[in-house]
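K.L.:
My questions concern the predicted model and sequence given below.
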Amino acid sequence: MISRLTLRAVTLLGFFLAVNAFAVPAVPPAATYRIAGIVVDSVTGQPLDGTEVTVAPLQDMNDAQSLMTSDDGRFLFAGLAPGKYSLLASRRGYASQALDQHESFWTSIVVGPRLDSEHIRFPLAPSSVITGVVTDDWGDPVRDAKVLLFQQSTFDGSRTLRNVNQTTTDDQGRYRFAHLLSGTYAVAVFARPWYTKNASPLLLQTLTNLQSIASSGAQVEPGASEASHASVAEDTSQPPLAQLFDVVYPVTFFPSATSLADAGRLALAPGATETADFQLHAVPSVHLRVRVPVEPPATVVSHEGGEETATQEDSPAAFLLSLHIGDYTDQIEPVRNEIAPGVIELSKIPSGEVNLVAMSLTSQAGNEVSRSKELRVSGDTDIDLSAPGDSANVSGVVLASQFHPAPTNAEQASADQPSGGRAALIRVIEEASPNVTITFRSIKTGESYSATVSSEGKFSFAGSTFPAGSYEVEFPAQTSLRVVSLEATGATASGRTIDISAGLSLNLVVHAAEANCTLSGFALKNGKPVAGAMVLLVPQDPGHDMSLYHRDQSDSDGSFSMSPLFPGRYLLLAIENGWDLEWADPAILFRYLPNGQPVDLAPAASLSLNAKVQ
């Protein structure tokens, strides 16, 4: 039997629990939102059932979810957290697309309080196809030929043909580009004749000797010397057998052009199929005879059986050769033959635009130096990369926050100890420093000389050929660095250009700007947000340095964000339906500049500004 005291205690406990339950309010569930709409055919406007629609948060594109549209083409994603989402759709017979896609830009859907994300109309374009067959001189299929697809689009403010895809032919010589959007395209093919792929210089020389013997009717005893072979008279009425193998297929644009500018244009309508067949004709290959400095043999030390042995070995010149087809670049492997000391012959090269890179034979440890030359070749060409007399000795340092000077002796000593101090931090940063290249491009010849920049910001061309002249100093675009100014004693420097005299030992200081700024805001028209507008950031001094221009597309709430940006002064523009605008033309761009929003970006700045939509 429960006592009165126990009953009273239980009653009081229940009373306090009830009071606490009212005193501590329950946490309301986080608000969620929905993305909903309809997918329609962009040509007919009819709803598209069975379309796969995918939504993914921009901050984590791997966290995607997909569904199929209903019979009336509608889709609905529920339970979404506030934020920005990409929206993509794909269906058999249609090209996969993001919402309102223009090149690599699209309109993201923003969900949150007081934002309408449930009335989306997603037009999906029927896909088009380009197909064809590649054959050789005899009409036989060419397998493993590389086929390039170019699409006409606005790039850097100009209408141009850009490489958008590539494929190879099958064993029947066939190729196919599917899932294409309507537009204007061009197609190119390049390949090597199958019978030349394994023809080595030794085989070609042997074939030439055998033909010489057969043409003269002479008998040569086994083991006869090459001199006796050479003494046999040749029948010049027949081409050497070696020449039959020293051929290439020229780069060919449909229908039979040799340059992208002269290529035929294929106008693809939505859902159309176009055919582009090729017949390739073998032609003699281009030979590049490259003269390089004759370097003394290098000393190689080996350890065998506990004994140290030093031997002398030649250091062959190293070359990289690439072929330019429009904006597409492909590495090619020419046949290499040293025809004389310091003279290297490269063959099996098609005519066209090629880039020859010669690696330095005397590059310092940890510092790779190269010399690059752009060539337009249509026949055999001699190239002199040997020392052109008295050259300059150029080295220097790049000043930017991503480079870190070497520690002092005291810091180095402390770095050897297991500590977590500044020296240890320096070591971690140095190990993480990216491999950056600095390039000196000759204003007169167009040749370029490149060297790697160490984690300390140092570079050197010491021991390599560096002719005197005027040079523009630059970094590759992917490094997010830009030369602002140069300092040099004994040389004339202006902006990014420097005049280097012969015989000068030049130590250069390169002041670099880093792309570490962010600009965000809203594209507004009459005070209301505009989705899908082209947002363009124009440098205050418009010029040919396209790394200073930046673009974005406004999202469903009119917001935009651009990064990383270089510090400087700009004008911010927003143009409605501006994606086909050739804004690289000053006459077109200047019409919009008066209504631009001035922007002043300090280093590492993060600004928020609104852009007036024009």
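P.N.:
Nice, I can see it.
K.L.:
chain center to stretch 531-550, what's the gap?
P.N.:
In this view, stretch 531-550 has its centroid 19 Å away from the chain centroid, taken as Cα atoms, centre = their mean, to the nearest Å.
K.L.:
I figured V286 hits P350, correct?
P.N.:
Yes. Between V286 and P350 a contact is recorded at 6.8 Å, counting by Cβ atoms under 8 Å. Using the backbone N, CA and C atoms, a C-beta is placed for each residue, glycine as well.
K.L.:
Give me the common contacts of the two.
P.N.:
V248 (Cβ atoms under 8 Å, 6 or more residues apart in numbering).
K.L.:
Might you calculate how far stretch 91-103 sits from the centre of the chain?
P.N.:
Centroid displacement of stretch 91-103 relative to its chain, using Cα atoms, centre = their mean, is 23 Å.
K.L.:
Return the set of buried residues in that stretch.
P.N.:
R91, Y94, A95, Q97, A98, L99, D100, Q101, H102 (16 or more other Cβ atoms under 10 Å).
K.L.:
Count the residues that sit near the closest residue in space to Q597 that isn't next to it in sequence.
P.N.:
Residue nearest to Q597 in three dimensions, not counting chain neighbours: L572, with 4.2 Å by Cβ to Cβ, 6 or more residues apart in numbering. By the criterion of other Cβ atoms under 10 Å, L572 has 23 neighbours.
K.L.:
which stretch of helix or strand covers L572?
P.N.:
strand 568-575 (DSSP states H and E).
K.L.:
picking up where we left off before, specify the beta-bridge partners of the residue nearest to Q597.
P.N.:
Note on L572: beta-bridge partners by DSSP bridges are L537, Q597.
K.L.:
Distance check, it against D552.
P.N.:
As judged by Cβ to Cβ, to the nearest Å, L572 and D552 stand 11 Å apart.
K.L.:
Need the overlap of contacts for these two.
P.N.:
Counting by Cβ under 8 Å, 6+ apart, the residues touching both L572 and D552 are V535.
K.L.:
picking that back up, tell me the one among the buried residues of stretch 91-103 nearest to D144.
P.N.:
A95 (27.1 Å; Cβ to Cβ).
K.L.:
Mind jotting down where the strands sit in the stretch 51-200 of the chain?
P.N.:
Using DSSP state E, counting those that start in this stretch, the strands assigned to the stretch 51-200 of the chain run over residues 52-57, 65-68, 74-80, 83-90, 97-98, 109-111, 120-124, 128-135, 146-155, 158-168, 174-180, 183-190.
K.L.:
could those be laid out in a markdown table, adding mean pLDDT and distance to F253?
P.N.:
Converted to a markdown table, those look like this (pLDDT from 0 to 100; distance: least, Cβ to Cβ, whole Å):
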| stretch | mean pLDDT | distance to F253 |
| --- | --- | --- |
| strand 52-57 | 96 | 36 |
| strand 65-68 | 95 | 39 |
| strand 74-80 | 96 | 42 |
| strand 83-90 | 96 | 31 |
| strand 97-98 | 94 | 28 |
| strand 109-111 | 96 | 40 |
| strand 120-124 | 96 | 31 |
| strand 128-135 | 97 | 12 |
| strand 146-155 | 92 | 9 |
| strand 158-168 | 93 | 10 |
| strand 174-180 | 95 | 14 |
| strand 183-190 | 95 | 5 |
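K.L.:
how about these in a markdown table, adding distance to A263?
P.N.:
Below are the strands of the stretch 51-200 of the chain laid out as a markdown table (distance: least, Cβ to Cβ, whole Å):
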| stretch | distance to A263 |
| --- | --- |
| strand 52-57 | 35 |
| strand 65-68 | 38 |
| strand 74-80 | 40 |
| strand 83-90 | 30 |
| strand 97-98 | 26 |
| strand 109-111 | 39 |
| strand 120-124 | 29 |
| strand 128-135 | 13 |
| strand 146-155 | 8 |
| strand 158-168 | 8 |
| strand 174-180 | 15 |
| strand 183-190 | 4 |
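K.L.:
closest to Y328 out of those strands?
P.N.:
That would be strand 158-168 among the strands of the stretch 51-200 of the chain, by Cβ to Cβ, at 4.1 Å.
K.L.:
Strand 146-155 and that closest one, what's the angle between them?
P.N.:
Interaxial angle, strand 158-168 versus strand 146-155 (axes from the mean of the first three to the mean of the last three Cα atoms, to 10 degrees): 160 degrees.
K.L.:
can you start the count at 39 instead of 1 from here on
P.N.:
Right, with 39 as the first residue, what we last looked at is strand 196-206.
K.L.:
in its sheet, what does strand 196-206 sit against?
P.N.:
strand 184-193 (antiparallel).
K.L.:
what comes into contact with the helix or strand containing H325?
P.N.:
Using DSSP H and E, H325 sits in strand 324-329. By Cβ under 8 Å, 6+ apart, the surrounding residues in contact with strand 324-329 are 286, 355, 357, 372, 377, 380-385, 387-389, 394, 396, 413, 415-424.
K.L.:
Cross those against strands and list the overlap.
P.N.:
With DSSP state E as the criterion, strands contain 286, 357, 377, 381-385, 387, 394, 396, 413, 415, 419-422 from among these.
K.L.:
What subset of these is buried?
P.N.:
With burial judged by 16+ other Cβ under 10 Å, the buried subset of the ones in strands among the contacts of strand 324-329 is 286, 357, 381-385, 387, 394, 396, 413, 415, 419, 421.
K.L.:
Show me which of those residues is closest to N615.
P.N.:
Comparing these against N615 with Cβ to Cβ picks out L413 as the nearest, at 42.0 Å.
K.L.:
any idea how far P164 is from the closest residue to that closest one other than its chain neighbours?
P.N.:
Excluding the flanking residues, the one nearest L413 by Cβ to Cβ, 6+ apart is V392, at 5.1 Å. Distance, V392 to P164, by Cβ to Cβ: 40 Å.
K.L.:
Secondary structure class of the residue nearest to the spatial centre of the chain, three-state.
P.N.:
Geometric centre of the chain, nearest residue: Q516, 8.0 Å, by Cα atoms, centre = their mean. Using DSSP: H, G, I helix; E, B strand; the rest coil, the structure places Q516 in helix.
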